[in-house]
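J.: what follows is a predicted protein model with its sequence.
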Amino acid sequence: MTTRQASVHGMWSSRLVFILAATGSAVGLGNIWRFPYVAGENGGGAFVLVYLLCIALIGIPIMMAEVLLGRAGRQSPINTMGQLVRRSGANRAWVYGVGWLGALTGFLILSYYSVFAGMAMHYITVMGTASMTDASREAAEGVFASLVGSGPLLVFWHSLFMVIVVLIVARGVKKGLERAVKLLMPGLFLLMLVLVGYAMTTGHFLDGMAFMFSFQFDKMSWAGVLEAMGQAFFTLSLGMAAIMTYGAYLPDNARISSTVATIASLDTLVAILAGMAVFPVVFANGLDPEAGPGLVFVVLPLAFGKIAVGQLIGVLFFVLLTFAAITSAISLIEPAVAFLIERLKQTRLMAASLVGMIAWTVGLGSAFSFNIWSAYKFADMTFLGFLDHLTNNIMLPLGGALIAIFCGWVLSQETCREQLRMSKEWQYQTWLFLVRVFAPAAVILVMFASIW
Ligand code: PHE
């Protein structure tokens, strides 16, 4: 049965716009802020290799599954799943396991994503004053420490970011956003190249490369493998129905496989470029690659402070990082917003404000994890550490595995074939094997192995 209806939320004007929007979702703090520090904490090269394998063998097939599910249902993930479950006579538990879990995960990620995006916004002002010009490592570390040490400052930026996201989503994803993404993504990309160019002049470019690309497997634990897999899901925006929601707005004639391959390649390229920009500077300044979440916020300002027009580039960079975060945050909030519009017949403004307000409140816990609540720990993790672990290492892989199993085993093959329209049978069979067997098995194996 072909579904030629359009989504009530609107449609992307073309396949290209979908690529930009989905790449906007995928490219964000995960690539530029999270990837370098998680790679650093997990020994570099071996982590990067596992990460790349996860992208190719798990990420791409699951992303195809998400897009096809979204396009087959054309609604919020919860109602899309409801419809597909009815059509295929499957158990309603799938609506919870994929639809509700996805919207909840996106909401939880948004709560702390906004705090880090707020930090990026704060750094626009830091770079705007000349305070980083020729700054020492200690000074750069001090600026970061005073930001995270201040609850009110973090909350201020967190609030501002959330308001911006709500306002954009309230106006509709299509209006303004398509244009913004088209303009900003190439800009971000160009600036990454400038930064890599600077990293090449530090004299430590090869140390940085060696750190990222020398595969020392003794440094790799199962926990590290889980971390790499979680990062692959996070960076591709997978396992939480964001891409499924975007897929619901994708025109019928677009070919899913090549579209997804383009998005995944662009996203991976940006992450690798970020590593190439960051690690040489880390080694050139005697910083610790295992510095954790502050890595990029200390390293890049330090680098900018040493380039001739660094102040300007620094401002631009954090502006673009903020925009990259906005285009991701919109996809985090959209599944829940679309659902509220469908279910409660709310206006977009009401729905977005409601979700934004609750996410903002939960986000306070993450902002305070750096300062007044830093001593409160569950399982040796702060509130933020716990949320980050729960969402990236458990909820996203689990959500991804469920999506793969649903597509591979429950949904009719006719629907999958019709959506994917692969030109060669072996391509379809390869995809089917990956979502049926490989991806779910890999997720389960890695999750269990890392627990023991
Ligand atoms: N992919 C985004 C990033 O790398 C984060 C994200 C995760 C966005 C999940 C949407 C869904 O920053």
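T.: Structure received.
J.: contacts and neighbour counts: CA atoms only from here.
T.: Noted.
J.: who in the stretch 151-300 of the chain is up against the ligand?
T.: 234-238, 242 (CA under 6 Å from any ligand atom).
J.: now find how far off-centre the helix or strand where Tyr123 lies is within its chain.
T.: The secondary structure element spanning Tyr123 is helix 101-128 (assigned by DSSP states H and E). Per CA atoms, centre = their mean, to the nearest Å, the displacement of helix 101-128 from the mean C-alpha position of its chain is 11 Å.
J.: stretch 184-198 now?
T.: When distances are taken as CA atoms, centre = their mean, stretch 184-198 is centred 19 Å away from the chain's centroid.
J.: before we move on, the earlier item: which strands and helices sit next to the helix holding Tyr123?
T.: Other elements packing on helix 101-128 under the criterion 3 or more CA pairs under 8 Å, 6 or more residues apart in numbering; DSSP states H and E are helix 29, helix 77-88, helix 151-170, helix 295-304, helix 310-344, helix 348-368, helix 383-388, helix 396-405.
J.: in PDB, list the C-alpha atoms belonging to the fourth one.
T.: As requested, C-alpha coordinates have been extracted for helix 295-304 and formatted as PDB (Å, rounded to 0.1, in the frame of the first residue of the first chain):
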ATOM      1  CA  LEU A 295      38.400  20.300  26.100                       C
ATOM      2  CA  VAL A 296      37.100  22.300  23.200                       C
ATOM      3  CA  PHE A 297      36.200  25.300  25.300                       C
ATOM      4  CA  VAL A 298      39.800  25.600  26.500                       C
ATOM      5  CA  VAL A 299      41.600  24.400  23.400                       C
ATOM      6  CA  LEU A 300      40.000  26.400  20.700                       C
ATOM      7  CA  PRO A 301      40.000  29.800  22.400                       C
ATOM      8  CA  LEU A 302      43.700  29.200  23.100                       C
ATOM      9  CA  ALA A 303      44.300  28.500  19.400                       C
ATOM     10  CA  PHE A 304      42.200  31.500  18.300                       C
END
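J.: let's test this: mean pLDDT of that helix, rounded?
T.: When pLDDT is averaged along helix 295-304, the result is 86.
J.: so that helix versus helix 310-344, what angle?
T.: Relative orientation of helix 295-304 and helix 310-344, computed by axes from the mean of the first three to the mean of the last three CA atoms, to 10 degrees: 150 degrees.
J.: can you list contacts of helix 295-304?
T.: 32-33, 36-37, 120, 123, 127, 132-137, 140-141, 144, 198, 278, 281-282, 289, 310-311, 313-314 (CA atoms under 8 Å, 6 or more residues apart in numbering).
J.: picking that back up, kindly report which one of the helices and strands packed on helix 101-128 carries the lowest mean pLDDT.
T.: helix 295-304 (a mean of 86).
J.: that one: how far from the chain's middle?
T.: Helix 295-304 sits 21 Å away from the centroid of its parent chain (CA atoms, centre = their mean).
J.: before we move on, what about stretch 317-330?
T.: In terms of CA atoms, centre = their mean, the centre of stretch 317-330 is found 11 Å from the chain centre.
J.: ok, that stretch near the ligand or not?
T.: Yes: counting by CA under 6 Å from any ligand atom, the ligand has neighbours in stretch 317-330: Ser328.
J.: now that stretch: buried residues?
T.: By 16 or more other CA atoms under 10 Å, the buried positions in stretch 317-330 come out as 317-330.
J.: point out the most buried one among the helices and strands packed on helix 101-128.
T.: When neighbours are counted by mean count of other CA atoms under 10 Å, the highest per-stretch mean among the helices and strands packed on helix 101-128 falls to helix 396-405, a mean of 26.
J.: now for that helix, which elements pack on it?
T.: For helix 396-405, the elements it packs on are helix 60-73, helix 101-128, helix 222-235, helix 439-451, judged by 3+ CA pairs under 8 Å, 6+ apart.
J.: now the element after the second one, going C-ward?
T.: Stepping forward along the backbone from helix 101-128, the first helix or strand reached (DSSP H and E) is helix 137-149.
J.: so how far is that following helix from its chain's centroid?
T.: Distance, stretch centre to chain centre, for helix 137-149: 26 Å (CA atoms, centre = their mean).
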